[in-house]
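*Asks:* after the sequence you'll find the predicted model.
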Amino acid sequence: MDFGLRDRTAIVCAASMGLGRSCAAALAVEGVKVVIVARRREVLERTAAEIRSATGAEIVAVAADVTAKEGRDTILATCPDPDILVNNAGGPPPGDFRNWDRDAWIKALDANMLAPIELMKSTIDGMIARRFGRIVNITSHAVKAPVAILGLSNGARSGLTGFVAGLARATAEHNVTINNLLPGTFDTDRLKSNLQALANSSKRSLEEVTQQIKSSNPSRRFGHPDEFGAACAFLCSAHAGYITGQNILIDGGAFPGTF
Ligand code: NAP
């Protein structure tokens, strides 16, 4: 299927590794010019070169912190009028809420709620004027079913989800869609560190925790980041203009609800 995205432009945040990288690569395959963002320049530029050589697409690397205003200004100076915005950032650390002070909460809110809202604020009116926009926020399965040790994530991402639910209905008539993609357990560095934290807190080995989580998933495996990237690219496609305000869980069937 042709996704109808050739020569569109995209900003993909937190894209040097993991899920963001896979979203950028999947858009590049569709002929999108992609601006990829992450803080560590060296890793980011290596990723840009790899995606460029695999797809032939134009990939621009912008080393910036999406949680900082200066970082967002740098991104927008490079790409002021994206057709596609994929919001993403690192997830907050696990822990016990008794140990989190205001600063810990502000950091989580900055990364997983306020930075995406600021980037939407800066780009959405241009999308509306051009009558095409696709915004995908990478959130988490924790929005649907909270993970006890990820309270900062449960809280901050739910705030973004509530905000998006309202905004998405206000932009749909302009062919600007906003959806959230909720990863379950995908095989990335972030997952490895979460599994290690779980192993430490439950005094089990990493191997034991890994096997237990894989075997408790109906698919008996972790997701591959490319599976996530493909879903993101479809939501950004010309064909997905009637899908908006949704929270799409990609978790191998782990969430046990009928809906
Ligand atoms: P990952 O493999 O650790 O990759 C994180 C990426 O984000 C890296 O490219 C990192 O590069 C970049 N990044 C982090 N903070 C940033 C910032 N402030 N500004 C710009 N770039 C930043 O993580 P992942 O597994 O792909 O996860 C992506 C998101 O999905 C996270 O929020 C995570 O919590 C969430 N999630 C993941 C899973 C999963 O199973 N993997 C499940 C649920 C939710 P630099 O460090 O160089 O900036």
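*Replies:* Sure thing, it's come through.
*Asks:* pLDDT on the top strand by length along the chain, on average?
*Replies:* The longest strand of the chain (DSSP state E) is strand 176-183. Averaging pLDDT along strand 176-183 gives 98.
*Asks:* same check, this time on stretch 88-100
*Replies:* 94.
*Asks:* say whether the ligand is contacted by it.
*Replies:* Yes: Stretch 88-100 is in contact with the ligand by Cβ under 6 Å from any ligand atom, via Asn88, Ala89, Gly90, Gly91. C-beta: built from backbone N, CA, C; applies to glycine.
*Asks:* what's the first-to-last distance across that stretch?
*Replies:* The first residue of stretch 88-100 is 22 Å away from its last residue (Cα to Cα, to the nearest Å).
*Asks:* what lies in contact with that stretch?
*Replies:* 12-15, 19-20, 23, 66-67, 104, 107-108, 111-112, 115-116, 137-138, 140, 149-153, 156, 190, 194, 197-198, 201 (Cβ atoms under 8 Å, 6 or more residues apart in numbering).
*Asks:* now the residues you listed: which count as buried?
*Replies:* Buried by 16 or more other Cβ atoms under 10 Å: 12-15, 19-20, 23, 66-67, 104, 107-108, 111-112, 115-116, 137-138, 140, 149-153, 156, 190, 194, 197-198, out of those.
*Asks:* out of the residues you listed, which touch the ligand?
*Replies:* Cys13, Ala14, Ala15, Leu19, Gly20, Val66, Thr67, Ala111, Ile138, Ser140, Arg190.
*Asks:* residues from the chain in reach of the ligand?
*Replies:* So the chain meets the ligand at 13-20, 37-40, 43, 65-67, 88-91, 111, 138, 140-141, 183, 185-186, 188-191 (Cβ under 6 Å from any ligand atom).
*Asks:* contacting residues for the residue lying closest to Ala233 once chain neighbours are set aside?
*Replies:* Spatial nearest neighbour of Ala233, excluding adjacent residues (Cβ to Cβ, 6 or more residues apart in numbering): Ala26 at 3.8 Å. Contact analysis of Ala26 by Cβ under 8 Å, 6+ apart lists Asp226, Gly229, Ala230, Cys232, Ala233.
*Asks:* give me the lowest-pLDDT entry from the ones next to the ligand among the buried ones among the contacts of stretch 88-100.
*Replies:* Arg190 (87).
*Asks:* quick one, helices of the stretch 151-259 of the chain?
*Replies:* Here the stretch 151-259 of the chain has its helices, by DSSP state H, counting those that start in this stretch, at 151-171, 189-202, 206-216, 225-236.
*Asks:* ok now the helix or strand of the chain with the lowest mean pLDDT, how far from the chain's centre?
*Replies:* Here the helix or strand of the chain ranked lowest by mean pLDDT, DSSP states H and E is helix 189-202, holding a mean of 89. Centroid separation for helix 189-202 versus its chain: 20 Å, with Cα atoms, centre = their mean, to the nearest Å.
*Asks:* contacts for it, please.
*Replies:* Under Cβ under 8 Å, 6+ apart, the answer for helix 189-202 is 17-18, 90-91, 93-94, 149-150, 185, 205-206, 208-210, 213, 222.
*Asks:* again, only using 7 Å
*Replies:* Defining contact as Cβ atoms under 7 Å, 6 or more residues apart in numbering, one finds that helix 189-202 is touched by Met17, Gly18, Gly91, Pro94, Ile149, Thr185, Ser205, Leu206, Val209, Thr210, Phe222.
*Asks:* equivalent analysis for stretch 175-184, please.
*Replies:* Contact with stretch 175-184 is made by 19, 124, 127-128, 131-141, 143-144, 161, 164, 167-168, 171, 223, 228, 231-232, 235, 240-241, 243-252, 254, as judged by Cβ under 7 Å, 6+ apart.
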